[in-house]
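1. with the input below, show me the fold.
(2 chains)
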Amino acid sequence: SRRAMGRAMGLAGLLVGLLLVPAVLVSTSLRHGAPRTEPPLETAEWEPASGAVPEDSLWPLPQRLRTSPRQLQLAPARFQLVHGAGSSAGPACGLLQDAFRRYYEYMFGQSPRRKRGRRPPGARAEPELSQLQVVIESRDPGCHSYPHLGSSEAYHLTVTEPVAILKAKEVWGALRGLETFSQLVNEDDYGTFHVNESEIDDFPRFAHRGILIDTSRHYLPLKSILTNLDAMAFNKFNVLHWHVVDDQSFPYQSIYFPDLSGKGAYSYNHVYTPTDVHLVIEYARLRGIRVIPEFDTPGHTQSWGRGQKDLLTPCYNGEQPSGSFGPVNPILNTTYDFMTKFFKEISSVFPDAYIHLGGDEVNFDCWKSNPEVKEFMKKQGFGMDYAKLESYYIQKILDIVSSYNKGYMVWQEVFDNKVQLKPDTVVQVWMANNYAHELSSVTGAGFTAILAAPWYLDYISYGQDWKKYYSVEPLNFPGSEKQKRLLVGGEACLWGEFVDATNLTPRLWPRASAVGERLWSSRNVTNLQDAYKRLTNHRCRML
Amino acid sequence: AENEEPWGTPCTQLLVSVATPGCDGFPSLDSKESYKLSVSEGSLLLSADAVWGALRGLETFSQLVGRDENGTYYINKTEIVDFPRFPHRGLLLDTSRHYLPLKAILETLDVMAYNKFNVFHWHIVDDPSFPYESSTFPELSKQGAFNAMTHVYTASDVQMVIEYARLRGIRVIAEFDTPGHTLSWGPGAPGLLTPCFLGKNPSGTYGPINPILNSTYEFVTSLFQEVSAVFPDFFLHLGGDEVDFTCWKSNPKIRAFMKEMGFGEDYKKLESFYIQRLLDIISSLGKGYIVWQEVFDNGVKVRPDTIIHVWKQNSAPYMEEMANVTKAGYRALLSAPWYLNHISYGQDWMAAYQVEPLKFEGVPEQKDRVIGGEACMWGEYVDVTNLAPRLW
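-> Now for the predicted structure:
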């Protein structure tokens, strides 16, 4: 059920109601977009909540929040989510129209008693909240555009009688605000919907808050991906890192190279058609989620070789080909002809400004065994340093992708192996060993970084491991203020070796929620007991 | 030739032949599950001593049937002689830490049948909740369930489970774990649990069942009278694990009782005192019992046909416990290496698979006392949203 649970009255809850959750100045420097003036921190003017404690189920916790014990009623038959006066968005804004319907359903369900009606005469004394008005402030609201790293997700929510107002610079902030509003509405024991008078000022601490799914180790049916996007929106995640192909299978149906999935997918039923891909991208867009595809090369490419002859390096056993293949063959022109055409397609199919190019775990053994590759190494003067060959390859791929005006993300090895990267490259730090040190190096060299290392959710273990993920502090690495600003966010990764549609949802959620709050909320929101209380309520609501 | 069928004469019937009648009975520890399956041209024969063997054979038969790329069903010529190595092959579900809807339990029974499990160990109540609707003591679930309207097993639910299981050759062994693990019993049975003390005054919290009151044994007798009638299997699981003595020690009346009985400071003796009486009650009801290993470890005097359930992983190697239990003449069930709720990354099925239940020092008679084992899915972190993928 998607409606908030009954409240528990706890001392902790009272304290949360008492305090303003302060905005920490550190977090403001990590936002992208126009700088905002900080309103002075006010002491709470309202009395502590004595009954309902609405903050009991907010997730992630907003930056600034104050509530009053004064409750407003909502009548599903009359309550409306509407565009407010002065909003740059209106009924033509499909994204918001869709969100209005979606959030109405989340809050009130699809009961047949949702017929419109007038307020009964002699109605109860409790004031009624009749509307939530959404006002987009920027001249270009963004209704028909795609979210990007610099999008504004900030919003200001005022819930008072008779109408609540949700203000946001762009539609993305409105989506985040609608989610929060829906978390404030709760149903009492009599089935009446209430919301406490409150004021919320919220924005994400980190701009890149992602989930990685792996559809190569196991195919994930479309439905499973879409359900996951819904769950991401509940937790204010805004990036789907789609690791779509890898060694095991190639489910992406390419327009230019149909044999890639024709010969590389597990079966004809285990593919993503162009229609499927567009559906994922649009479904995500309507939830303010970017889709960043990953086509990982030159390693992790076994499945590519089945449909694209001569793409992979033939490995040798002495003088003879062994019959097996290694990473992409970096010495052939045909390789780069292929990649040029392939990435042209990818660049046009996926609208995000970034493509993830992988570059991790390249095993050099096969290259070392191949006489032509060895010859090439000699000619290029690379000596025995195969990292140089890897760099040579990656460089050319990066140049190809740049020529299509895309930015790129790469796994940390590409940086570690000293490939020449464009300054706006995003490096994803994934190796668990001493990742803080790696973050220092990457940001110290001036590159943008995102953190995945402590958040490999495929590594399951017994008990409440969400606490471990929640307790990570991404900025705990040696570095200057400037460096810290280069860490733009992180990703919870669910690699697919042991995951398919039968177990994805319970394995990913609500553990990923812990990462979601860490990336959105303020740095000092670290109390595990309070988090436990809110997370248990949030989880039941997500069901 | 064009019209020649590639698969030979089509088979039209699987003949099932059962030697001993017993369609309307319940499976037991002694049930015969052996069967023979004979598949040859024009003849498909499944023969078994008892219906339970027929069920096992049907499952195997269904696994042999294949389908070719044209969609044709086929089966290879086969001869199978099969019987279980161990007669007690169980699965434990915990419906107290999290309620499991009836559908989830029935689904589990289906998958158990696919895997030839034959015991459903229903750990039905515990500290967090009491979902079992008792006709003798309706307040137990009224006050003890997570929600008395929605998170309970009615009498008809319980009958449904028992019959659904029976049709699959699965015994249902209910566990009403005492004297520990009983917090949820308290609200519906005032006076049952031991009041803990802080100094001279009751602290407001409660501990295990109070072993010194006659009312306790009256209650236990009545409850188990009902449970014995509701659950047809010969065995009941009585629990007896993890009894925390702190509360007993804090209670002055109990301390006085200890003195009176000459137990000194050895609360294990008090635990034994309770368990002894409980076992006598169960015996008088005509039931056998299974208990967790602590009952054996703490020297309780149990009947020779008691089955000891070995579950502890940390203290001593569990195989040592298996040796000790069987050496003392008791039958043993192994669960220690099969706590499937202890999840970990990767192909952990291999570790479970590689366990050899008889790998301990002992004479053949001892080894014969190992009647089987159980995979356990404790419910602290398990509910209907993740039960199936975690278990299978």
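
2. name the nearest residue to residue 80, ignoring sequence neighbours.
-> Picking chain A for this. A:Q131 (5.2 Å; Cβ to Cβ, 6 or more residues apart in numbering or on different chains). (Glycine included, C-beta is placed from N, CA and C.)

3. I was thinking of chain B, sorry if that wasn't clear
-> Per Cβ to Cβ, 6+ apart, closest to B:I80 is B:L37, 4.1 Å.

4. need phi/psi at the one you found.
-> Dihedral pair for B:L37: phi -120, psi 130, per degrees, to the nearest 10.

5. give me the neighbour count for it.
-> Residues within reach of B:L37, counting by other Cβ atoms under 10 Å in any protein chain shown, total 21.

6. tell me which residues touch it, please.
-> Counting by Cβ atoms under 8 Å, 6 or more residues apart in numbering or on different chains, B:L37 touches B:L45, B:L46, B:G57, B:T60, B:F61, B:L64, B:T78, B:E79, B:I80, B:D82.

7. tell me if I'm right that the residue nearest to A:Q80 and A:L166 touch.
-> No - with contact defined as Cβ atoms under 8 Å, A:Q131 does not count as touching A:L166 (10.4 Å).

8. neighbour count for the two, which is higher?
-> Neighbour count, other Cβ under 10 Å: between A:Q131 and A:L166, A:L166 has more, with 25 against 17.

9. and the more buried one, what element?
-> strand A:163-168 (DSSP states H and E).

10. now do B:E175
-> Counting by DSSP H and E, B:E175 is part of strand B:171-178.

11. partner strands of that strand, parallel or antiparallel?
-> strand B:119-123 (parallel), strand B:235-239 (parallel) (DSSP bridges).

12. dump these to a markdown table, plus mean pLDDT and mean neighbour count.
-> A markdown table is the format used below for the strands paired with strand B:171-178 (pLDDT from 0 to 100; neighbours: other Cβ atoms under 10 Å in any protein chain shown):
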| stretch | mean pLDDT | mean neighbour count |
| --- | --- | --- |
| strand B:119-123 | 98 | 25 |
| strand B:235-239 | 98 | 24 |
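
13. can you check which of these gets nearest to B:M377?
-> strand B:119-123 (9.4 Å; Cβ to Cβ).

14. who touches that closest one?
-> For strand B:119-123, with Cβ under 8 Å, 6+ apart as the criterion, the contacting residues are B:88-96, B:108-109, B:112, B:161, B:165, B:170-175, B:177, B:237, B:372, B:374, B:376, B:378.

15. got the domain ranges for chain A?
-> A:64-109+A:125-202, A:208-542 (the TED database).

16. any chance of those in TSV, plus mean pLDDT?
-> Shown next, in TSV, are these (pLDDT from 0 to 100):
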stretch	mean pLDDT
domain A:64-109+A:125-202	95
domain A:208-542	97
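
17. present those as CSV; the columns should include distance to B:P27.
-> As requested, the domains of chain A are exported to CSV (distance: least, Cβ to Cβ, whole Å):
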stretch, distance to B:P27
domain A:64-109+A:125-202, 44
domain A:208-542, 30
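
18. the strands in the stretch 1-150 of chain B, which residues?
-> B:15-18, B:35-40, B:43-48, B:66-67, B:73-74, B:78-82, B:88-94, B:119-123 (DSSP state E, counting those that start in this stretch).

19. list the buried residues of the second one.
-> It refers to strand B:35-40. By 16 or more other Cβ atoms under 10 Å in any protein chain shown, the buried positions in strand B:35-40 come out as B:Y35, B:K36, B:L37, B:V39.

20. pLDDT averaged over that strand - what is it?
-> Averaged over strand B:35-40, pLDDT sits at 96.

21. next one: the third one
-> Strand B:43-48 shows an average pLDDT of 96 in the prediction.

22. quick one: distance of that strand to the chain centre.
-> Distance of strand B:43-48 from the chain centroid (Cα atoms, centre = their mean, to the nearest Å) equals 32 Å.

23. tell me the residues of the stretch 401-543 of chain A that contact chain B?
-> A:458-464, A:498, A:502-503, A:505-507, A:543 (Cβ under 8 Å from any Cβ of the partner chain).

24. for chain B, where's the lowest mean pLDDT among helices and strands?
-> Every helix and strand in chain B was compared by mean pLDDT, DSSP states H and E; the lowest is strand B:73-74, with a mean of 92.

25. hmm, who's touching it?
-> B:W7, B:V65, B:G66, B:R67, B:D68.

26. reformat those residues as a markdown table; add distance to B:E365.
-> Formatted as a markdown table, these follow (distance: Cβ to Cβ, whole Å):
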| residue | distance to B:E365 |
| --- | --- |
| B:W7 | 50 |
| B:V65 | 42 |
| B:G66 | 43 |
| B:R67 | 48 |
| B:D68 | 50 |
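
27. next, the buried residues of the host helix or strand of A:D296.
-> Assigned by DSSP H and E, A:D296 belongs to strand A:290-297. Buried residues in strand A:290-297, defined by neighbour count with 16+ other Cβ under 10 Å: A:R290, A:V291, A:I292, A:P293, A:E294, A:F295, A:D296, A:T297.

28. ok, back up a step: now which of the contacts of strand B:119-123 would you call buried?
-> Using 16+ other Cβ under 10 Å, the buried members of those are B:88-96, B:108-109, B:112, B:161, B:165, B:170-175, B:177, B:237, B:372, B:374, B:376, B:378.
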